[in-house]
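Student: Show me how the following folds:
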Amino acid sequence: MKTLIGFEEIEDKIITLRGQKVLLDRDVATLCGVETKRVNEALRNNLDKFPKDYCFTLQVSEKQYLVENFDRFSVLKHSTVEPKAFTEKGLYMLATILKSSRATNATFAIIETFAKLRELSRTLNNLPDASEEQQKSLLEKSGDLFTDLLDNNLQATDSETTIELNLAVLKVKHTVKRKADKE
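Tutor: Predicted coordinates for the structure are as follows:
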């Protein structure tokens, strides 16, 4: 299935707050093609569906951190409204509420991105303990995941993976040569 929203577009919007990967309400709204107030309205009208580990309101210090460290959040600097952050679970729940076709496509892309990031993390965590043959297999798998995450619209023509292990520091380098699909 082809989505209108690429993994990279979603991955660029995912931030880590309170030890969790989240999307802010404004980014969810952008991806779903609705106004931020509609996302927050859906949240407000369905509070029982969003426990604390699904969605939380940013504290002033968290908002300030985002404004200082991410250019795209500069519009929040003078905002009196504290943004909401949706965890992966919260995004799944929000998908049951927002009903537009763009919201559905965005939800599919968001779910796929979170799943691939989780799988990539598991794969990379298994590398140090794996045998040489298993490492090769895991690197191929991680290379495929990198490819999926970075660009869906280009066809891979060649790839190369290098592993360096220096005193308990693992460095993985994966290079993929690509060319645009001709449709």
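
Student: max-length helix in this protein?
Tutor: For the chain, the longest helix by residue count, based on DSSP state H, is helix 101-126.

Student: In terms of secondary structure, what does that helix contact?
Tutor: When contacts are defined as 3 or more C-beta pairs under 8 Å, 6 or more residues apart in numbering; DSSP states H and E, helix 101-126 packs onto helix 7-11, strand 20-24, helix 25-32, helix 88-95, helix 132-150. Every residue, glycine included, has its C-beta placed from N, CA and C.

Student: one more time with 10 Å, if that's ok
Tutor: helix 7-11, strand 20-24, helix 25-32, helix 36-45, helix 88-95, helix 132-150, strand 169-180 (3 or more C-beta pairs under 10 Å, 6 or more residues apart in numbering; DSSP states H and E).

Student: The ones you listed: lowest mean pLDDT?
Tutor: Looking at the helices and strands packed on helix 101-126, the lowest mean pLDDT belongs to strand 169-180 (a mean of 58).

Student: and the chain, what are its domains?
Tutor: 7-118, 131-180 (automatic domain parsing).

Student: export those to JSON lines and tack on mean neighbour count?
Tutor: Output for the domains of the chain, formatted as JSON lines (neighbours: other C-beta atoms under 10 Å):
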{"stretch": "domain 7-118", "mean neighbour count": "17"}
{"stretch": "domain 131-180", "mean neighbour count": "13"}
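
Student: Serialize those domains to JSON lines and add fields for distance to Leu124.
Tutor: Shown next, in JSON lines, are those (distance: least, C-beta to C-beta, whole Å):
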{"stretch": "domain 7-118", "distance to Leu124": "11"}
{"stretch": "domain 131-180", "distance to Leu124": "6"}
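
Student: I'd like to know which of the ones you listed is closest to Asn125.
Tutor: domain 131-180 (9.8 Å; C-beta to C-beta).

Student: where does the nearest residue to Ala42 once chain neighbours are set aside land in three-state SS?
Tutor: Distances taken as C-beta to C-beta, 6 or more residues apart in numbering place Ile97 nearest to Ala42, at 4.6 Å, with adjacent residues excluded. Of the three states, Ile97 takes coil under DSSP: H, G, I helix; E, B strand; the rest coil.
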